[in-house]
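Novice: Curious how this folds, go ahead:
(chains A and B, ligands or ions: 1)
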Amino acid sequence: MSRVDDPHRPRLGPGSRLTIRREGGLAHFPGLAAPRCIEGDKCTPGQRRWLERLLGEVLEGGAVEASRTQAEGQPSGADRRVFRLAIDEPGEAAGGGADDTLPPRWTLIVDETRAPGSLVTLWRHGELGEEP
Amino acid sequence: MARPDDTLSRPGFTPPYILERLREHGSPRQRRCAEATLTHDHSFRALRGPQAAERLPAASAPGRPARYIYTAEHRETLPGRLVREEGQPGIDDPAVEEAYRWLGATYRFFWEVFERHSIDAEGMPLIGTVHFGQDYDNAFWNGTQMVFGDGDGELFRRFTVAIDVVAHELAHGVTERESGLVYAGQSGALNESLSDVFGSLVKQFHRGERAAQADWLIGAELLTEAVQGRALRSMAEPGSAFDDPVLGRDPQPGHMDQFVVTQADNGGVHINSGIPNRAFYLAAQALDGYAWEVAGRVWYATLRDPRLSPDIDFAGFAALTVDNADRRHGRQSREEQAVRDAWRAVGVMP
Ligand SMILES: [Zn+2]
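Specialist: Numbers count the residues shown, from 1 in each chain, chains lettered A, B, ... in the order given. Sure thing, here's the model as predicted:
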């Protein structure tokens, strides 16, 4: 399934950073909310392709792009848990350091009951696949 | 939003969320549970089936609930298999029995106190699914029904065990139907707070407790002995419910001075709800008696007030509660004063 020209297709370069957070649920527990970060320059090109394909799968599986408003991306209901995925380019900020005041370039929210198993495994274990 | 703890400790990754924590701090059972939750099937899980409510009798007679309890049989498909419906005898499954019982207690509260006939005020069936997922640590309202996990058994017990948690989820349905409060930011925190308010009131009503006798805790039965904490939240003392090596520390503020600005949790809906929670607690304490009789009715009237906009903020909601207290009890009444003082005490009103 090639969707190279799709502008919404998530792209991960060597300078990209993918952040995965699990949020929501009946209560907020700070100890369970630590984000997982994947730095593009620490991945092989094959691992980045694998991640791009996974993100494309998440998008096609019913996730919502949350770039416009915060409320728009939420699944209906309350106390649901979601994965929030964000790609930013830390190196793009002035001075080359990570400017965390910049909004991420791409954000996606997916209900945890609709998340592919490989995303759950990635978030829990940090297990990356690799594409040729 | 990235913080220093976002940085890497081994190639490509931050320390993973809970698994490592459980490996470091956890018991053998916790470690097994952490592994068991990984046995998700590696494909997309089933998307929602037909909306359960559409396949059921639409309504019950006023004053009577229509409860339908399903089991997901540890999968994540909703609503699952029907195991007990209204009027049928009980079965040998504590989660099913608790869901049936607490949904009934919540229905009875809304009917006897507010003359409200179920979630939509028209007798909508109360649909609950238990045994959702594997060791699933959550309960939620999906827009149609309530869903309860069994918990992992080490940090959390099954989510049906607490009457106020079951009532909290049902109340989300009521709030959704009445106000459509946007589930983000301050309106989302008000949405959360209303579920805690009605959740706690259902518990107090069921137990026959006056405001001064109530514990004002949410989900006190949910945390196991292994957790250093007494509940999910405290309405009386937000921020004091738990302080645990795995769960972290209760992040709820009880005053606008400590309002938390965050992207997480839909803009902190389960965090900043501590502020309106405490306002309700203070109003109920000041008025004494049964909390549902005066403070509960003022909050319910506010929820149904046509002036309540879906994106209302704390200050707007507070002004409406004062106005509803005024309408019901008179300007400068003891009741109006108690509500106003409560919002002042948490820094929402000047
Ligand atoms: Zn809630």
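Novice: Can you pull the residues of the stretch 101-250 of chain B lying near chain A?
Specialist: Contact residues, the stretch 101-250 of chain B versus chain A (Cβ under 8 Å from any Cβ of the partner chain): B:133, B:137-143, B:159, B:165, B:168-169, B:172, B:175-176, B:182-185, B:191-192, B:195, B:219, B:232-233, B:242, B:244-249. Backbone N, C-alpha and C define where each C-beta goes, glycine included.
Novice: Now do the phi/psi pair for B:Arg304.
Specialist: In terms of degrees, to the nearest 10, the main-chain angles of B:Arg304 are phi -90, psi 0.
Novice: what does B:Tyr70 give?
Specialist: With angles defined as degrees, to the nearest 10, B:Tyr70 sits at phi -110, psi 160.
Novice: about what we covered before: among the residues of the stretch 101-250 of chain B next to chain A, which ones are buried?
Specialist: B:133, B:137-143, B:159, B:165, B:168-169, B:172, B:175-176, B:182-185, B:191-192, B:195, B:219, B:232-233, B:242, B:244, B:246-249 (16 or more other Cβ atoms under 10 Å in any protein chain shown).
Novice: Can you give me the distance of the closest residue in space to B:Asn272 that isn't next to it in sequence to A:Arg49?
Specialist: Nearest residue to B:Asn272, sequence neighbours excluded (Cβ to Cβ, 6 or more residues apart in numbering or on different chains): B:Ala189, at 4.1 Å. Note on B:Ala189: its distance to A:Arg49, by Cβ to Cβ, to the nearest Å, is 41 Å.
Novice: So which of those two has more stuff around it?
Specialist: Taking neighbours as other Cβ atoms under 10 Å in any protein chain shown, B:Ala189 and A:Arg49 compare with B:Ala189 leading, 31 against 16.
Novice: got the contact list for the more buried one?
Specialist: For B:Ala189, the contacting residues are B:Gly267, B:Gly268, B:Val269, B:His270, B:Ile271, B:Asn272, B:Ser273, B:Ile275, B:Pro276, B:Phe314, by Cβ atoms under 8 Å, 6 or more residues apart in numbering or on different chains.
Novice: for the longest helix along chain A, packing partners?
Specialist: In chain A, taking DSSP state H as the definition, the longest helix is helix A:45-60. For helix A:45-60, the packing partners by 3 or more Cβ pairs under 8 Å, 6 or more residues apart in numbering or on different chains; DSSP states H and E come out as strand A:81-88, strand A:106-111, helix A:117-125.
Novice: Nearest to the ion: which residue in chain A?
Specialist: Using Cβ to the ion, the single residue of chain A nearest to the ion is A:Asp79, 4.0 Å away.
Novice: ah, wrong one, I meant chain B
Specialist: Counting by Cβ to the ion, chain B gets nearest to the ion through B:Ser195 (4.5 Å).
Novice: rewinding a little: might you specify the subset of the residues of the stretch 101-250 of chain B next to chain A located within helices?
Specialist: Among those, the ones falling in helices (DSSP H) are B:Val165, B:His168, B:Glu169, B:His172, B:Thr175, B:Glu176, B:Gly185, B:Asn191, B:Glu192, B:Ser195.
Novice: quick one: which of those is nearest B:Val261?
Specialist: When these are compared for distance to B:Val261 (Cβ to Cβ), B:Gly185 wins out at 9.6 Å.
Novice: wait, isn't that closest one in contact with B:Ile271?
Specialist: No. In this structure, B:Gly185 is not within contact of B:Ile271 by Cβ atoms under 8 Å, at 11.1 Å.
Novice: How far away from the center of its chain is stretch B:301-310?
Specialist: With Cα atoms, centre = their mean, to the nearest Å as the basis, stretch B:301-310 stands 20 Å off its chain's centre.
Novice: And the ones in helices among the residues of the stretch 101-250 of chain B next to chain A, which is closest to B:Glu237?
Specialist: B:Glu192 (17.1 Å).
Novice: ok, now which ones touch the closest one?
Specialist: Contacts for B:Glu192 (Cβ under 8 Å, 6+ apart) come out as A:Ala78, B:Val269, B:His270, B:Ser273.
Novice: Please name the nearest non-neighbouring residue to it.
Specialist: Distances taken as Cβ to Cβ, 6+ apart place B:Ser273 nearest to B:Glu192, at 3.8 Å, with adjacent residues excluded.
Novice: B:Ser193 is in contact with that neighbour, correct?
Specialist: Yes. Between B:Ser273 and B:Ser193 a contact is recorded at 4.2 Å, counting by Cβ under 8 Å.
Novice: that older thread, out of the contacts of B:Glu192, give me the one that has the most neighbours.
Specialist: Result: B:Ser273 is most packed of those (other Cβ under 10 Å), 30 neighbours.
Novice: Which pLDDT value goes with that residue?
Specialist: Per-residue pLDDT puts B:Ser273 at 98.
Novice: Got phi/psi on it?
Specialist: Dihedral angles for B:Ser273 - degrees, to the nearest 10 - are phi -60, psi -20.
Novice: just the one 4 residues further on next, same as before
Specialist: The phi/psi pair for B:Asn277 (degrees, to the nearest 10) reads phi -60, psi -50.
Novice: check contacts around it.
Specialist: B:Ser193, B:Asp196, B:Val197, B:Arg233, B:Met235, B:Pro238, B:Gln252.
Novice: Run a quick neighbour tally on the first one.
Specialist: Burial of B:Ser193, expressed as a neighbour count using other Cβ under 10 Å, amounts to 28.
Novice: Assumed the residue nearest to B:Asn272 was part of a helix.
Specialist: Yes. Assigned with DSSP: H, G, I helix; E, B strand; the rest coil, B:Ala189 falls within a helix.
Novice: Go through the ones in helices among the residues of the stretch 101-250 of chain B next to chain A and name the one nearest chain A.
Specialist: Closest approach to chain A among those (Cβ to the nearest Cβ): B:His172, at 4.0 Å.
Novice: Tell me the pLDDT of residue 15.
Specialist: I'll assume chain A. pLDDT for A:Gly15: 92.
Novice: sorry, should have said chain B
Specialist: At B:Pro15, the model reports a pLDDT of 29.
Novice: For the most centrally placed residue in chain A, which residues are in contact?
Specialist: Residue closest to the mean C-alpha point of chain A, counted by Cα atoms, centre = their mean, is A:Leu85 at 2.3 Å. Contacts for A:Leu85 were tallied using Cβ under 8 Å, 6+ apart; they are A:Leu18, A:Thr19, A:Ile20, A:Arg21, A:Leu55, A:Val58, A:Ala63, A:Thr107, A:Leu108, A:Ile109, A:Val110.
Novice: just B:Glu115 next, same as before
Specialist: B:Glu115 neighbours (Cβ under 8 Å, 6+ apart): none.
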